[in-house]
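1. Sharing a model that was predicted from the sequence below.
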Amino acid sequence: MSFDQKRKFSLKEHVPITWRAGLAFAYLKALKRKKVMNFKLKERIMLAITEVNGCVLCSYVHTKLALSGGMSDLEIKTLLEGELKLVPAEESLAVLFAKDYAFNHETLDPIYYRKIIDRYGIEKAKAILSVSEVITMTNSMGISLGLLKQTLTFKHVKGSQIYNEILIPILTMLLFPISVIAGLFVLPFTLRNNHYYKAYHNQKEAI
């Protein structure tokens with residue numbers, strides 16, 4: 001995928017993405033001992049979303065992580081090509097949900113999310129969405145750094161804005177730790193008031 005084809009995150013998009021990613025990171029840490037999310041599923045979700053957004057840096061990093069975690073090079077290759085044929089059947093819905101979330105620029109489909117909860121349970125469903133939030137933030141930062149490199153080497157990509165290229169990585173380093181700390185301190189409250197929890201329950205009440 002060329003730089004022209006990559007998603008170009010705006011600063012306006014990145015602020016809420018980073019805030020949610022910090023809360024999501026805190027949630028994943030809180031669930032770590034319960035082993036709700038296994039390593040391979042996490043990497044499958046991350047590779048799938050990275051393919052949609054087109055972050056070369058994240059593709060490289062998560063390929064190495066997935067290989068070290070025991071995933072085959074063929075499965076990694078197919079995920080980065082947008083194919084899910086080697087994803088285990090029991091995890092395919094989770095990975096498809098993550099791809100849909102990325103394709104729709106983090107607009108949650110409450111009916112789809114309900115299917116995830118019905119299939120995996122609410123804790124694992126939140127973990128699936130949390131992983132999606134975290135990788136989206138790193139995709140945004142990685143793509144911005146790649147675009148900044150192009151600009152600095154006089155190969156500016158049409159449609160990219162220099163202020164996004166500079167401010168998105170800086171903002172991530174400032175806002176992400178704050179949102180993680182906030183998540184750790186107010187986790188019970190945030191789990192009942194974040195956008196995806198509300199979306200599911202609003203939809204449930206409407207049915």
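-> Cool, the structure landed.
2. make it CA atoms for all contacts and neighbour counts henceforth
-> Noted.
3. Which positions in stretch 75-90 come out as buried?
-> Buried residues in stretch 75-90, counted by 16 or more other CA atoms under 10 Å: 75, 76, 78, 79, 80, 82, 84, 87.
4. Which pLDDT value goes with residue 2?
-> Here the pLDDT value assigned to residue 2 is 55.
5. Where does the closest residue to residue 63 other than its chain neighbours sit, in terms of helix or strand?
-> In space, and not counting its chain neighbours, residue 63 is closest to residue 76: 6.7 Å by CA to CA, 6 or more residues apart in numbering. Assessed by DSSP states H and E, residue 76 sits inside helix 73-80.
6. Can you name the element that comes right after that helix?
-> Following helix 73-80 in sequence, per DSSP H and E, is helix 92-103.
7. how about that next one: buried residues?
-> 92, 93, 94, 95, 96, 97, 98, 99, 100, 101, 102.
8. ok now do residue 87, which residues does it touch?
-> 44, 75 (CA atoms under 8 Å, 6 or more residues apart in numbering).
9. Would you mind stating the distance between the residue in the chain sticking out farthest from the centre and residue 148?
-> Going by CA atoms, centre = their mean, the residue of the chain most distant from its centre is residue 154, 30.1 Å out. Residue 154 is 10 Å from residue 148, where distance means CA to CA, to the nearest Å.
10. follow-up on the earlier one: what's in contact with the helix holding residue 76?
-> With CA under 8 Å, 6+ apart as the criterion, helix 73-80 contacts 44, 47-48, 50-51, 59, 63, 66-67, 84-87.
11. Quick check: the farthest pair among these?
-> Greatest spatial distance among those (CA to CA): 59 and 85, at 18.7 Å.
12. Next up, the contacts around residue 22.
-> 134, 176, 177, 178, 179, 180, 181, 183.
13. Go again with 7 Å.
-> 176, 177, 179, 180, 183 (CA atoms under 7 Å, 6 or more residues apart in numbering).
14. Just say helix, strand or coil for residue 156.
-> Look at residue 156: counting by DSSP: H, G, I helix; E, B strand; the rest coil, its state is coil.
15. Now it. Nearest residue, chain neighbours left out?
-> Excluding the flanking residues, the one nearest residue 156 by CA to CA, 6+ apart is residue 150, at 5.3 Å.
16. How about residue 184?
-> residue 26 (5.6 Å).
17. and the gap between that neighbour and residue 106?
-> Separation of residue 26 from residue 106 (CA to CA) stands at 19 Å.
18. Residue 32 now?
-> Taken as CA to CA, the span from residue 32 to residue 106 is 24 Å.
19. out of those two, which sits in the more crowded spot?
-> More neighbours surround residue 106 than the other of residue 32 and residue 106, with 16 against 13 (other CA atoms under 10 Å).
20. how about the more buried one, secondary structure?
-> coil.
21. What of the one 5 residues further on?
-> Per three-state DSSP, the secondary structure class of residue 111 is helix.
22. these two touch, right, residue 18 and residue 178?
-> No: in this structure residue 18 lies outside contact range of residue 178 using CA atoms under 7 Å: 10.0 Å.
23. For the longest helix along the chain, which helices and strands make contact with it?
-> Longest helix of the chain, by residue count under DSSP state H: helix 122-152. Using 3 or more CA pairs under 7 Å, 6 or more residues apart in numbering; DSSP states H and E, the elements in contact with helix 122-152 are helix 11-31, helix 39-53, helix 56-68, helix 162-185.
24. Cheers, nothing more for now.
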